[in-house]
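Peer 1: Here is a sequence together with a model predicted from it:
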Amino acid sequence: MALPPEKASELKQIIHNHMTKMDIHDKVRGVLAETVRDELGLGHQSLSEEDLMRALRRRGIIDDVMRDLSFVQDMPNREVISATKASKHFVDKEPAELKKPNIDPTRRYLYMQILGGKAFLEHMQESELLPGQVCSTFTLYLHFRNQRFRSKPVPCACEPDLQEGFLLEVQRDHLGDGSKMADAITMLSIRDPVHMVLIKTDTSNERTLVASCFVDWQSVLSSPNGRTNSAVELLGVGSEAKVLVGILNLKLELLPQLNQTLTQEVVNAQQTLERQRTAEKERLFLVYAKQWWREFLQIRPSHNTKLVKIFAQDENGVNRPVCSYIRPLRAGRLLDTPRQAARFVSLLGYEKAPVVGGGGKQEQWCTLLSFLCQNKGDCEDHANLLCSLLLGFGLNAYVCVGTTAKSVPHTWVMACGTDGTITFWNSLTGDRYIHKSNNPDDPPLLQQQKPTYPYRTIGCVFNHQSFFANCQPSDAVELCEFDFHDESKWKAMSEEAIMTVCARGSTTSLPPFPPLCASVIDSAAASNEIELEIRNMVSEHRKDLGLATVWDDHLSYLLSPALSAYEMERTTGISCGNEEFQDAIRRAVPDGHTFKGFPIHFVHRNARRAFSTCLRSPFCDEIVCCRGDHVRIAVRVRVFPYPESACAVWIMFACKYRLVL
């Protein structure tokens with residue numbers, strides 16, 4: 001791979017400086033003079049380049065140079081940043097021990113150290129762990145300028161032993177600035193904070209969002225020695241957004257140190273100015289939104305009951321425009337098609353925001369990092385992520401706010417084709433529906449198309465730069481027309497007004513969007529592990545019933561194509577390979593024998609939970625508890641990994657036996 005000209009000249013300069021420091025030129029001259037004297041004295045008329053290189057190598061000059069030159073190497077540790085430009089997605093691996101802090105001297109880094117936590121009072125009564133005892137753990141996730149990191153899980157305690165170091169690259173995103181080292185003025189203009197998310201994982205591997213906060217790191221720019229120590233107060237989320245849950249001790253350090261630091265007054269003045277600009281933009285947008293809403297109500301008084309969502313609260317209780325939750329998101333090499341993206345989003349768990357006590361639903365639209373770290377969220381979180389991914393694939397996608405067939409508030413995704421085709425995407429299941437509107441003025445005898453989608457009404461649609469409210473006489477989805485250019489059917493917000501508060505970098509309060517992480521699940525190893533556990537549980541279950549278990553490994557292997565076809569059908573909507581599977585099963589089942597199979601799908605890898613769920617099905621129970629002559633049992637497990645440690649787990653139970661009349 002060819003280096004850019006500026007990189008090549010920079011590398012040449014580094015090597016030249018190093019060779020000058022080693023006084024390598026005098027050594028080479030000495031070796032050459034000695035070689036010329038010895039060789040020419042023996043009658044040689046000329047010396048080739050190979051003769052000279054052989055002489056340098058024989059005297060160890062070349063080995064000394066290569067030994068002393070240290071290059072930045074790729075290390076498996078997540079805390080080490082390579083010298084190449086940051087990639088668009090990262091493999092989310094367990095952090096290894098930091099052995100050698102390799103730092104590119106041409107780049108600026110922010111070294112963030114977590115020096116333990118305190119005042120996590122909810123865990124004050126945690127007893128001391130016994131050896132080998134499983135316990136709940138804390139894991140800290142970080143995102144900074146397209147870089148994501150994760151700490152090692154530590155046991156939950158009043159003073160959790162979170163001791164981690166993260167090397168964050170402070171680099172301009174603009175093309176052409178990758179080789180320049182950021183100075184103090186440049187870093188002061190960077191608005192991206194460090195987003196920290198604390199996740200609690202219980203003994204059943206269920207994740208809970210504990211805290212989500214944004215760390216201001218620019219105070220280090222005014223430190224004389226380039227280091228600062230601070231305590232970050234972590235507040236709860238949702239209904240507990242103003243409750244302190246714990247404190248983390250942080251140490252920030254710039255590497256290499258600044259040649260010239262800024263004064264605290266300059267840093268404070270810049271941050272105050274940016275906060276004032278943000279507050280003014282948000283105030284002006286609020287004034288515009290109120291005026292827009294009054295105009296919308298003047299069209300029809302009944303519009304007051306429509307689900308028109310302009311603002312939504314995030315996990316920290318901050319009101320933000322709904323358009324700020326969307327941004328075109330490219331998945332790099334992790335997802336290949338829009339339908340695969342829909343499948344991935346559907347595999348993330350669905351969970352409503354927790355509510356303390358009774359009452360209505362707790363509103364909580366999570367930031368993308370919090371949603372991904374939890375691996376679960378509400379329907380709004382799924383719809384926002386799917387819409388962002390579809391926009392990244394170049395589709396004209398929107399999030400729809402409305403109700404289901406049971407009149408329950410709901411969100412889903414809509415894509416508008418260039419030919420006018422409207423496609424609804426169910427972000428919780430990955431299903432797709434083609435919308436065809438019915439004309440309410442058609443004669444009663446004319447047969448109306450019955451909708452296949454589970455949506456009843458629609459109040460508004462939006463994406464990262466557009467917002468449209470439904471002002472048609474009826475908000476029934478089956479009667480709606482989605483011509484957003486028709487002002488008599490849809491009232492649009494000013495795109496310019498939306499971009500003042502929702503465009504990237506427009507305000508300091510806008511959370512940055514993280515890239516997706518590649519899966520770390522080994523499909524074959526995970527499949528074998530779950531299958532072995534399922535086999536053991538089937539054998540024990542049949543033993544309790546007084547039944548012997550004879551496994552048919554060949555029949556188990558033949559179930560693999562079916563599981564692969566099931567996942568392909570969920571992803572693409574296309575079924576294939578069924579003929580080959582049926583033919584193989586017919587050949588494997590002798591005459592006079594009966595074959596039964598039961599496939600089931602999960603989004604987790606807990607074998608015991610999965611087996612317990614399977615036994616609730618009478619079809620699966622009939623196979624597992626099969627009685628007869630020459631009974632053979634088979635089971636096959638396939639784990640299909642997706643980004644962010646999401647996975648589709650397919651399990652198929654089967655048996656063959658000879659009927660005894």
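Peer 2: Yep, that arrived.
Peer 1: I'd like to check which residues are in contact with Arg343.
Peer 2: Residues in contact with Arg343 (CB atoms under 8 Å, 6 or more residues apart in numbering) are Gly430, Arg570, Thr571, Tyr642, Ala648. Where you see a C-beta, it was placed from the backbone N, CA and C, and this is true even at glycine.
Peer 1: which stretch of helix or strand covers it?
Peer 2: Element membership for Arg343, per DSSP states H and E: helix 338-347.
Peer 1: how much distance is there from the following helix or strand past that helix to the middle of the chain?
Peer 2: For helix 338-347, the succeeding helix or strand toward the C-terminus, using DSSP H and E, is strand 349-350. Here strand 349-350 is found 14 Å from its chain centre; the criterion is CA atoms, centre = their mean, to the nearest Å.
Peer 1: and the helix or strand just after strand 349-350, what other elements does it pack with?
Peer 2: With elements assigned by DSSP H and E, the helix or strand that comes after strand 349-350 is helix 368-374. Helices and strands touching helix 368-374, by 3 or more CB pairs under 8 Å, 6 or more residues apart in numbering; DSSP states H and E, are strand 137-144, strand 194-201, strand 207-215, helix 379-392.
Peer 1: list the buried ones in helix 368-374?
Peer 2: Under the neighbour-count criterion of 16 or more other CB atoms under 10 Å, helix 368-374 has Leu368, Leu369, Ser370, Phe371, Leu372, Cys373, Gln374 buried.
Peer 1: Ranking helices and strands of this protein by mean pLDDT, which lands last?
Peer 2: In the chain, the helix or strand scored least confidently by mean pLDDT, DSSP states H and E is strand 90-91, which has a mean of 44.
Peer 1: pLDDT averaged over the very next helix or strand once past that one - what is it?
Peer 2: Downstream of strand 90-91, the first helix or strand assigned by DSSP H and E is strand 108-118. Per-residue pLDDT values over strand 108-118 give a mean of 93.
Peer 1: thinking Gly117 is in contact with Gly246, fair?
Peer 2: Yes: the pair Gly117 and Gly246 qualifies as a contact (CB atoms under 8 Å) at a distance of 5.4 Å.
Peer 1: what residues are shared contacts of those two?
Peer 2: Counting by CB under 8 Å, 6+ apart, the residues touching both Gly117 and Gly246 are Pro160.
Peer 1: Can you name the residues that contact Trp164?
Peer 2: Quick fix: residue 164 is Glu, not Trp. Residues in contact with Glu164 (CB under 8 Å, 6+ apart) are Pro95, Gln113, Ile114, Leu140, Ser151, Lys152.
Peer 1: from those, which single one is nearest Gln264?
Peer 2: Nearest to Gln264, judged by CB to CB, of the contacts of Glu164 is Gln113 at 21.8 Å.
Peer 1: Show me where this protein dips below the pLDDT cut-off.
Peer 2: 1-50, 52, 56, 59-102, 126-133, 172-180, 355-361, 438-449, 660-661 (pLDDT under 70).
Peer 1: again, 50 this time
Peer 2: By pLDDT under 50, the weakly predicted segments of the chain are 1, 42-44, 70-100, 174-176.
Peer 1: From the centroid of it, which residue is nearest?
Peer 2: Centroid-nearest residue in the chain, with CA atoms, centre = their mean: Leu516, separated by 3.7 Å.
Peer 1: Next, find the distance separating the closest residue to that residue other than its chain neighbours from Lys450.
Peer 2: Closest residue in space to Leu516, ignoring its immediate chain neighbours: Pro643 at 4.5 Å, by CB to CB, 6 or more residues apart in numbering. In this view, Pro643 and Lys450 are 37 Å apart by CB to CB, to the nearest Å.
Peer 1: ok, the two, which is more surrounded?
Peer 2: The residue with more neighbours, out of Pro643 and Lys450, is Pro643; 21 against 7, by other CB atoms under 10 Å.
Peer 1: Contacts only, for the more buried one.
Peer 2: With CB under 8 Å, 6+ apart, Pro643 has these contacts: His89, Ala331, Leu334, Leu335, Phe344, Leu516, Cys517, Ala518, Ser519.
Peer 1: so can I have a markdown table of those showing distance to Ser612 and secondary structure?
Peer 2: Output for the contacts of Pro643, formatted as a markdown table (distance: CB to CB, whole Å; DSSP: H, G, I helix; E, B strand; the rest coil):
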| residue | distance to Ser612 | secondary structure |
| --- | --- | --- |
| His89 | 35 | coil |
| Ala331 | 34 | coil |
| Leu334 | 32 | coil |
| Leu335 | 32 | coil |
| Phe344 | 26 | helix |
| Leu516 | 32 | coil |
| Cys517 | 30 | strand |
| Ala518 | 31 | strand |
| Ser519 | 26 | coil |
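Peer 1: can you redo the residues you listed as a markdown table with distance to Thr613?
Peer 2: A markdown table is the format used below for these (distance: CB to CB, whole Å):
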| residue | distance to Thr613 |
| --- | --- |
| His89 | 32 |
| Ala331 | 30 |
| Leu334 | 29 |
| Leu335 | 28 |
| Phe344 | 22 |
| Leu516 | 29 |
| Cys517 | 28 |
| Ala518 | 29 |
| Ser519 | 23 |
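Peer 1: And these, which is closest to Phe311?
Peer 2: For those, the closest approach to Phe311 (CB to CB) belongs to Leu516, at 26.9 Å.
Peer 1: quick one, what contacts the closest one?
Peer 2: Applying CB under 8 Å, 6+ apart, the residues near Leu516 are His89, Leu329, Ala331, Gly332, Leu334, Leu335, Leu372, Pro643, Glu644.
Peer 1: Also Tyr455?
Peer 2: For Tyr455, the contact set (CB under 8 Å, 6+ apart) comprises Cys400, Gly402, Thr403, Thr404, Ala405, His410, Trp412, Phe424, Val477.
Peer 1: Mind checking which of these are in strands?
Peer 2: If you go by DSSP state E, these have Cys400, Gly402, Thr403, Thr404, His410, Trp412, Phe424 in strands.
Peer 1: Which one (most neighbours) among these?
Peer 2: Using other CB under 10 Å as the neighbour criterion, Trp412 leads these with 27 neighbours.
Peer 1: State the distance from it to Val631.
Peer 2: Computed as CB to CB, the Trp412 to Val631 distance reads 46 Å.
Peer 1: Kindly list the main-chain dihedrals of Lys309?
Peer 2: Lys309 has phi and psi values of phi -100, psi 110 when expressed as degrees, to the nearest 10.
Peer 1: Could you pull up the contacting residues of the residue nearest to Phe513 when sequence neighbours are not counted?
Peer 2: Spatial nearest neighbour of Phe513, excluding adjacent residues (CB to CB, 6+ apart): Arg327 at 4.9 Å. Applying CB under 8 Å, 6+ apart, we find Arg327 in contact with Ser388, Leu391, His464, Arg504, Phe513.
Peer 1: The second one is in contact with Ala331, isn't it?
Peer 2: This means Leu391. No: Leu391 is beyond contact range of Ala331, at 11.6 Å (criterion: CB under 8 Å).
Peer 1: what inclination does the helix holding Arg343 have with respect to helix 379-392?
Peer 2: Relative orientation of helix 338-347 and helix 379-392, computed by axes from the mean of the first three to the mean of the last three CA atoms, to 10 degrees: 160 degrees.
Peer 1: residues touching Met462, list them.
Peer 2: Quick fix: residue 462 reads Phe, not Met. Going by CB under 8 Å, 6+ apart, Phe462 touches Val322, Cys323, Ile326, Tyr398, Val399, Val401, Phe468.
Peer 1: oh sorry, the question was meant for Ala562
Peer 2: Neighbouring residues of Ala562 by CB under 8 Å, 6+ apart: Gly577, Asn578, Phe581, Gly597, Pro599, Met652.
Peer 1: Please identify, among those residues, the one with the most neighbours.
Peer 2: Neighbour-wise, those (other CB under 10 Å) top out at Met652, 21 neighbours.
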